[in-house]
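In: Got a predicted structure here, sequence first:
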Amino acid sequence: MCKECGCDSHVVAPTPGPRRIDVVQNLLSENDHQALHNQEHFDAHGVIAINLMSSPGSGKTSLLEATIEALAGELRIAVIEGDLETENDALRIRRHGVPAVQITTGMACHLDAGMVHDALHHLDLDDIDLLFIENVGNLVCPAGFALGQHADVVLLSATEGDDKPAKYPVIFRQASRVLITKADLLPYLGDFDPARAAAAVHRLAADMPIDVLSAKSGAGMDGWLGWLRTFRRQLQPLRRSVSHK
Amino acid sequence: MHEASIVSGLMRVLLDHAAQHGVDHICRVTVKVGRLRAVEPRALIGCFEAFAEETIAEGAELVVVSVPIVGRCDDCGGEFEITGFLFRCTQCQSSEITLISGQELYLDSFET
């Protein structure tokens, strides 16, 4: 019945009062979509992409330099470097005859899938077997942003505390592999116990593979290099099925 | 401050849905954030206030609902909240766990 005049013929439009609209949509859906697109690029070109994450100064670039030298002539490597400022890391990588694209994020504390996509325009993916994406040094922010990588590798250097995995659980839990780096310094430090660090990682993920290595001396590098070779071989069937589409 | 990137995503999703529903003012926004997302609610709210300025969400309240990490044991089938980031079954100590919640990061709803 019409509230105005009491008749039955007037149709009254409902007053647009407060209402609740249910959505349920991922806040990072745009980044996730771009990351998926990046991975399709990688798979179509047979590129294995590895996201390296750690605190600043834990030896990501040194590890890459040693890895490039060790795999020279065996695998074709390229590197995307993420830093807030400077081209220093890309310059270090290029000295080894490997293509490197530097992303300077300015104020951004992590790489996102869009930045990586832009960097891919500067690389010829047909000439690459392994692409390392060296994320911005940070143990919090990079964890949340997919880039299209096939694996996350998290570094923990012996000069940091062996309780770091307990302090930054999210990123260590997410890793495919954890590397304890700068192992050549262990005898001089005394207070970093690789077993304690491993126990802290295994509270988060019981089966997490961990390598203790030194890029400087080469000790322990075999485990890491072996995993890279195996991981790439395991992804080969995927690579063929995609590239033949 | 990855919260800024997250809020930038939130604004895109929010304003998109508001336009679809012909909404011209938003007074409350509810997001669900799993504890495995390492997102700081206060930073999220601060960023939201800044990003919402001069939009139809200006002045809206952002409600951040924290979702606990809950796992189901693959061995004994028990369900339990994971506290202190110890990923073990609280009943049988197995580390074979399937996560049921804790990774959420989504816009749940908004109110006009």
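Out: Right, received. Where do you want to start? Numbers count the residues shown, from 1 in each chain, chains lettered A, B, ... in the order given.
In: mind checking which helix or strand the residue most central in space within chain B is in?
Out: Nearest to the mean C-alpha position of chain B, by C-alpha atoms, centre = their mean, lies B:V33 at 1.9 Å. Using DSSP states H and E, B:V33 maps to strand B:28-34.
In: As CSV, could you dump the C-alpha coordinates of the helix or strand just after that strand?
Out: Proceeding C-terminally, strand B:28-34 gives way to helix B:41-52 as the next helix or strand, assigned by DSSP H and E. Extracted in CSV, the C-alpha atoms of helix B:41-52 (Å, rounded to 0.1, in the frame of the first residue of the first chain):
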residue,chain,number,x,y,z
PRO,B,41,46.7,-3.8,10.2
ARG,B,42,47.6,-0.3,11.3
ALA,B,43,49.7,0.3,8.3
LEU,B,44,46.9,-1.0,6.1
ILE,B,45,44.4,1.4,7.7
GLY,B,46,46.8,4.4,7.4
CYS,B,47,47.4,3.7,3.8
PHE,B,48,43.7,3.2,3.1
GLU,B,49,42.9,6.6,4.6
ALA,B,50,45.4,8.2,2.3
PHE,B,51,44.4,6.3,-0.8
ALA,B,52,40.7,6.9,-0.2
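In: roughly how far is helix B:41-52 from the heart of the chain?
Out: Counting by C-alpha atoms, centre = their mean, to the nearest Å, helix B:41-52 is centred 13 Å from the centre of its parent chain.
In: same deal with stretch A:112-132?
Out: 13 Å.
In: So which bits of it are buried?
Out: For stretch A:112-132, the neighbour count (16 or more other C-beta atoms under 10 Å in any protein chain shown) marks A:112-117, A:119-120, A:123, A:128-132 as buried. All C-beta spots, glycine's among them, are computed from the backbone N, C-alpha and C.
In: circling back: pull the contacting residues for the residue nearest to the centre of chain B.
Out: B:39, B:41, B:44, B:64-67, B:104-105 (C-beta atoms under 8 Å, 6 or more residues apart in numbering or on different chains).
In: Equivalent analysis for A:G220, please.
Out: Residues in contact with A:G220 (C-beta under 8 Å, 6+ apart) are A:183, A:211-214.
In: what ranges do the strands span in chain B?
Out: Remark: strands assigned in chain B by DSSP state E are B:28-34, B:61-67, B:70-73, B:79-81, B:97-101, B:105-111.
In: The second one packs against which elements?
Out: Put plainly, it is strand B:61-67. strand B:28-34, helix B:41-52 (3 or more C-beta pairs under 8 Å, 6 or more residues apart in numbering or on different chains; DSSP states H and E).
In: What strands line up against it, and which way round?
Out: Take DSSP bridges as the rule and strand B:61-67 pairs in its sheet with strand B:28-34 (parallel).
In: what mean pLDDT does the partner strand have?
Out: Across strand B:28-34, pLDDT averages out at 98.
In: Next, give phi and psi for residue 103.
Out: Chain wasn't specified; assuming chain A. According to degrees, to the nearest 10, the main-chain angles of A:I103 amount to phi -100, psi 120.
In: So what's the residue count around it?
Out: Here the count is done by other C-beta atoms under 10 Å in any protein chain shown, and A:I103 has 23 residues near it.
In: same question, A:A100
Out: 26.
In: Which strand residues bridge it?
Out: A:V79.
In: Surely it and A:D83 touch.
Out: No: at 11.6 Å, A:A100 and A:D83 do not qualify as touching, with contact defined as C-beta atoms under 8 Å.
In: can you list the contacts of B:V33 in CSV and add pLDDT?
Out: Shown next, in CSV, are the contacts of B:V33 (pLDDT from 0 to 100):
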residue, pLDDT
B:V39, 92
B:P41, 94
B:L44, 96
B:V64, 97
B:V65, 97
B:S66, 96
B:V67, 97
B:E104, 96
B:L105, 96
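In: ChimeraX command for the buried members of the residues you listed?
Out: Here is the ChimeraX selection string for the buried members of these, based on 16+ other C-beta under 10 Å:
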select /B:39,44,64,67,104,105
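In: so, if you compare the contacts of B:V33, which one comes nearest to A:L27?
Out: Within these, the smallest distance to A:L27 is 5.3 Å, found for B:L105 (C-beta to C-beta).
In: Report the beta-bridge partner residues of the closest one.
Out: The partner residues for B:L105, given DSSP bridges, come to B:V33.
In: hang on, isn't it packed against B:R35?
Out: No: assessed by C-beta under 8 Å, B:L105 is found out of contact with B:R35, at 11.0 Å.
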